[in-house]
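> Just a sequence and a predicted model for now, questions to come.
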Number of protein chains: 2
Amino acid sequence: MNAELYFRESMHMALIVHKYGGTSMGSVERIQNVARRVAKWQKAGHQIVVVPSAMSGETNRLLGLANQLHPNPDPRELDQIASTGEQVSSGLLALALQAAGTPAVSYAGWQVVIRTDSAHTKARIESIEKDKVLSDLASGKVVVITGFQGVDERGDITTLGRGGSDTSAVAIAAALGAEECLIYTDVDGVYTTDPRVCDEARRLERITFEEMLEMASLGSKVLQIRSVEFAGKYRVKTRVLSSLTDPMIPLQQEMTSGTLITFEEDEKMEAAIISGIAFARDEAKVTVLGVPDKPGIAYQILGPIAEANIDVDMIIQNQSVDGKTDFTFTVPRSEYQKAIEILKTQVQAHMGAKEIAGDPKVSKVSVVGVGMRSHVGIASKMFRTLSEEGINIQMISTSEIKISVLIDEKYMELAVRALHKAFELEQK
Amino acid sequence: MNAELYFRESMHMALIVHKYGGTSMGSVERIQNVARRVAKWQKAGHQIVVVPSAMSGETNRLLGLANQLHPNPDPRELDQIASTGEQVSSGLLALALQAAGTPAVSYAGWQVVIRTDSAHTKARIESIEKDKVLSDLASGKVVVITGFQGVDERGDITTLGRGGSDTSAVAIAAALGAEECLIYTDVDGVYTTDPRVCDEARRLERITFEEMLEMASLGSKVLQIRSVEFAGKYRVKTRVLSSLTDPMIPLQQEMTSGTLITFEEDEKMEAAIISGIAFARDEAKVTVLGVPDKPGIAYQILGPIAEANIDVDMIIQNQSVDGKTDFTFTVPRSEYQKAIEILKTQVQAHMGAKEIAGDPKVSKVSVVGVGMRSHVGIASKMFRTLSEEGINIQMISTSEIKISVLIDEKYMELAVRALHKAFELEQK
């Protein structure tokens, strides 16, 4: 739904889901601001469902108590405990709405019912009952639904994992057939790159789901990645926008702010070739040198790394020379020492590898864009740009809509700025 | 069940309900102490259900947030919010039990199911499903159930009002057919009177439900009065005992500590004539003087007082003289000014009363005991004792097991000590 359509249909009712993060719900005053904003939408004739996170700091406080009582707490009990944060913020928001003269009711996930599987602390939503919510909306109420949680078939409370309120909001929007899901957050949208690194960074009015997935996984942590997958799967139009604006700004202005995450196929517009430059600063590179080149190398090297719960990102295996090869991969910098130690103690002798080497000060820079599918020369332009700045490329990995390179950490900002300029991202 | 029976049957399983107040659950260390105590009972072969209150201060914190958002908050939303305090403490206790090597599971009221009516913030329990709890107990788990709350037939969370966790515990004990309900609190039982007023005050090993009701309503606020009524109605043996003892004290010692609230009819023992001296310090007396003595005086005077939600306790109407009478009643001292004002503005002229008078510095002292039913002379002994101390009695009210007098506040401690001695309460 675009701005014109909203405007034309403003006498007509649209069902909209709002989601507010913990910072937006962080104090009595902020909750009152959220209530003013929601009341404004409702008074304009829309049906509004609101999905709030817990007040900022609350989930950490609760999990902190749990961890003091058990070194490895039962996930079922963690969910009983952590889910209360959203129940409180939802009840408080309902009260704030009522105080603003807007009828409202709050529900915990189990009351809706939001049914999930039983994977405590990382449950997946299976179904959402909509009758009670639709009936409340029809009677003129704003319906506030706890984010982050549901209930399994045994009646046990489950949570969706950190950031799960984004997923709750998108899933609720999908179940209710909402016209749009508005994710209010403390940034005002998705940028071509991090404005702290490149002051020419520009807010994107639109981005496709696929690009958003690549941007999110590469460190632009605006939305929980699962919510983006969910929005893509169920085709929920989702907008990321700021909760820090004056809550009473005109609706027409608000509904075109932020960044709309769209389906490429829906869009007639000239798609930009490149949407943004993503980066991950704190990477580390690990190399196993001089490994006899036999089948199963990758498994033998990465198996023990995976068992230690270390995430591996880029992976390269060199062309074999004289029956020996080198195997290189990247891990989060915080896991570097652990990875080196595992390779030295569990892998090197066992595989007859010559040496374990590494570099804990590397960064990853990526150009992301659906347009590159149909445009050749993106990779060569990227490599030429980096070469002109004297930046050596240590590893390369590519997907259909993304090219990532690993470079020395000290060149990261330079690389981001040079690429942002080369792909003319400062221009609309 | 007395101590010997426990001991003899210690190889045999008894179902026991424990209740812990907010102070007992007030920190990680205190929750660990509760877990040690519960684990001790469970390891001795008993099936244990635990009903904890919210961590001390938590309910007030939550209601404080609600009141900041709405001057007169929706009771339904208050219950959504306030009920989370017990859900957190229950989950934390389950974790502490697991950490102590005791299998445990926590349930919110709606998960049990504890069904209540829909009177939010002061709901009454209608039924408790026991299958899930009994099945968990049979499988060797301690079952932790949130106090203070339930769910109505619409699926809305309800709370039972302040101190409702006592009622939850007694109701759960009744539903499960528990052998005893142990109310752990920060006092070590019910005393013959307040030890701060009379240092010869002695802990009662037993007290009847009826006496407990009189003691509770007279200011010995050890147990929520509704829980005592519930225990009486469903004949749940209830023991008030200290949570401040070493959690690892021997079971035989613990199970005879505190005060057991019993059914008089069950007891073979020689019942004491008087069990205790109760008092209420902060009372106030209000008198309407010179009212024409017509039918309906009491209603016309007390109606406006009741409408203002002022609790009235003792009431006296004097013998009419020359068609005029005086009408006196007591109210909590905090309501004195309000009561006087109501009488002066709404009652005096309307009724043609001569004057409104009062005394905001009076106290009530009561002797309580089931034994007085069958013993004459209790009243005269009480009055003689007070007379010998030079204490003037301003009002008298009596029930079957209680005699209360209103006296000048400054004599309250003296009266309590003199009566405690006169009725030989320091002796077992």
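Okay, I see it. Numbers count the residues shown, from 1 in each chain, chains lettered A, B, ... in the order given.

> Give me every residue in chain A lying close to chain B.
Residues of chain A lying close to chain B by C-beta under 8 Å from any C-beta of the partner chain are A:28, A:31-32, A:62, A:65-66, A:68-71, A:73-74, A:76-78, A:80-81, A:83-84, A:87-88, A:90-92, A:94-96, A:98-99, A:105-106, A:108, A:110-111, A:155-157. (Each C-beta comes from the backbone N, C-alpha and C, glycine too.)

> One more pass at 6 Å, please.
A:28, A:65-66, A:68-70, A:73-74, A:77, A:80-81, A:84, A:87-88, A:91-92, A:94-96, A:98-99, A:106, A:111, A:155 (C-beta under 6 Å from any C-beta of the partner chain).

> For the stretch 301-428 of chain A, which segments count as strands?
Here the stretch 301-428 of chain A has its strands, by DSSP state E, counting those that start in this stretch, at A:315-317, A:324-332, A:355-368, A:395-399, A:402-408.

> ok, back up a step: return the subset of the residues of chain A next to chain B lying in helices.
Using DSSP state H, A:28, A:65-66, A:68-69, A:77, A:80-81, A:84, A:87-88, A:91-92, A:94-96, A:98-99, A:111 are the members of the residues of chain A next to chain B that sit in helices.

> Just the buried residues of the residues of chain A next to chain B.
A:28, A:65-66, A:68-70, A:73-74, A:77, A:80-81, A:84, A:87-88, A:91-92, A:94-96, A:98-99, A:106, A:111 (16 or more other C-beta atoms under 10 Å in any protein chain shown).

> Report the rounded mean pLDDT for the longest strand along chain A.
For chain A, the longest strand by residue count, based on DSSP state E, is strand A:276-292. Averaged over strand A:276-292, pLDDT sits at 92.

> Quick check: buried residues in that strand?
So strand A:276-292, judged by 16+ other C-beta under 10 Å, has buried residues A:276-281, A:283-291.

> can you check stretch A:369-377 too?
Quick answer for stretch A:369-377 (16+ other C-beta under 10 Å): A:369-372.

> ok, now stretch A:205-223?
A:206-218, A:220, A:222-223.

> could I have that stretch exported to CSV, CA atoms only?
Output in CSV follows, covering the C-alpha atoms of stretch A:205-223 (Å, rounded to 0.1, in the frame of the first residue of the first chain):
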residue,chain,number,x,y,z
GLU,A,205,13.0,4.4,0.7
ARG,A,206,12.7,0.8,-0.4
ILE,A,207,14.7,-2.4,-0.2
THR,A,208,13.8,-5.9,-1.3
PHE,A,209,13.5,-8.7,1.2
GLU,A,210,16.4,-10.5,-0.4
GLU,A,211,18.6,-7.4,0.0
MET,A,212,17.4,-6.9,3.5
LEU,A,213,18.4,-10.5,4.4
GLU,A,214,21.9,-9.9,3.1
MET,A,215,22.1,-6.5,4.8
ALA,A,216,20.8,-7.9,8.1
SER,A,217,23.1,-10.9,8.2
LEU,A,218,26.0,-8.6,7.3
GLY,A,219,25.7,-6.4,10.4
SER,A,220,23.0,-3.9,9.6
LYS,A,221,21.0,-5.1,12.6
VAL,A,222,17.7,-3.2,12.1
LEU,A,223,15.4,-6.2,12.0
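
> what about residue A:384, how many neighbours?
Using other C-beta atoms under 10 Å in any protein chain shown, residue A:384 has 12 other residues around it.

> okay, it: pLDDT?
Confidence at residue A:384, expressed as pLDDT, is 92.

> Check the one 5 residues further on too.
In this model, residue A:389 is scored at 94, pLDDT.

> if I read this right, it contacts residue A:416, doesn't it?
No. Using C-beta atoms under 6 Å, residue A:389 is not in contact with residue A:416, being 10.8 Å away.

> Compare the two and say which is more crowded by neighbours.
The residue with more neighbours, out of residue A:389 and residue A:416, is residue A:416; 23 against 15, by other C-beta under 10 Å.

> can you list the domains in chain A?
Using automatic domain parsing, the domain parsing of chain A gives A:3-187+A:222-265, A:276-422.

> sorry, back to before: Serialize the strands of the stretch 301-428 of chain A to TSV and add fields for mean neighbour count and mean pLDDT.
Below are the strands of the stretch 301-428 of chain A laid out as TSV (neighbours: other C-beta atoms under 10 Å in any protein chain shown; pLDDT from 0 to 100):
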stretch	mean neighbour count	mean pLDDT
strand A:315-317	15	85
strand A:324-332	21	91
strand A:355-368	21	94
strand A:395-399	15	86
strand A:402-408	22	92
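
> quick one, which of those strands is nearest to residue A:43?
strand A:355-368 (39.0 Å; C-beta to C-beta).

> dump the residue contacts of residue A:91.
Shown in contact with residue A:91 (C-beta atoms under 6 Å, 6 or more residues apart in numbering or on different chains): A:106, B:77, B:80-81.

> In three-state terms, label the residue of the stretch 201-350 of chain A found nearest chain B for me.
Nearest to chain B in the stretch 201-350 of chain A, going by C-beta to the nearest C-beta, is residue A:247, at a distance of 15.1 Å. Taking DSSP: H, G, I helix; E, B strand; the rest coil as the rule, one finds residue A:247 in the coil state.

> Turn the strands of the stretch 301-428 of chain A into CSV, columns for distance to residue B:401.
Formatted as CSV, the strands of the stretch 301-428 of chain A follow (distance: least, C-beta to C-beta, whole Å):
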stretch, distance to residue B:401
strand A:315-317, 83
strand A:324-332, 73
strand A:355-368, 80
strand A:395-399, 83
strand A:402-408, 83
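
> Select, out of these, the one closest to residue A:161.
Nearest of the strands of the stretch 301-428 of chain A (C-beta to C-beta): strand A:324-332, 18.2 Å.

> Any chance you could list what contacts the closest one?
Contacts to strand A:324-332, defined as C-beta under 6 Å, 6+ apart, come from residues A:283-291, A:293, A:301, A:310, A:312-318, A:339.

> Kindly recompute the last result at 7 Å.
Strand A:324-332 has contacts (C-beta atoms under 7 Å, 6 or more residues apart in numbering or on different chains) with A:282-293, A:297, A:301, A:310-318, A:339, A:395, A:406.

> returning to that earlier point: the residue of the stretch 201-350 of chain A closest to chain B contacts residue A:36, correct?
Yes. The criterion here is C-beta atoms under 7 Å, and residue A:247 meets it with residue A:36 at 4.1 Å.

> Can you list the low-confidence ranges for chain A?
Residue ranges of chain A with pLDDT under 70: A:1-12, A:217-221, A:264-272.

> Tell me which residue lies farthest from the centre of it.
Relative to the centre of chain A, the most outlying C-alpha is that of residue A:322, 44.5 Å out, by C-alpha atoms, centre = their mean.

> Excluding sequence neighbours, find me the nearest residue to the residue of the stretch 151-300 of chain A found nearest chain B.
In the stretch 151-300 of chain A, the residue that lies nearest chain B is residue A:155 (5.5 Å; C-beta to the nearest C-beta). Excluding its sequence neighbours, the residue lying closest to residue A:155 (C-beta to C-beta, 6 or more residues apart in numbering or on different chains) is residue B:111, at 5.5 Å.

> Then residue A:414?
Residue A:414 sits nearest to residue A:389 (C-beta to C-beta, 6+ apart), 5.8 Å away.
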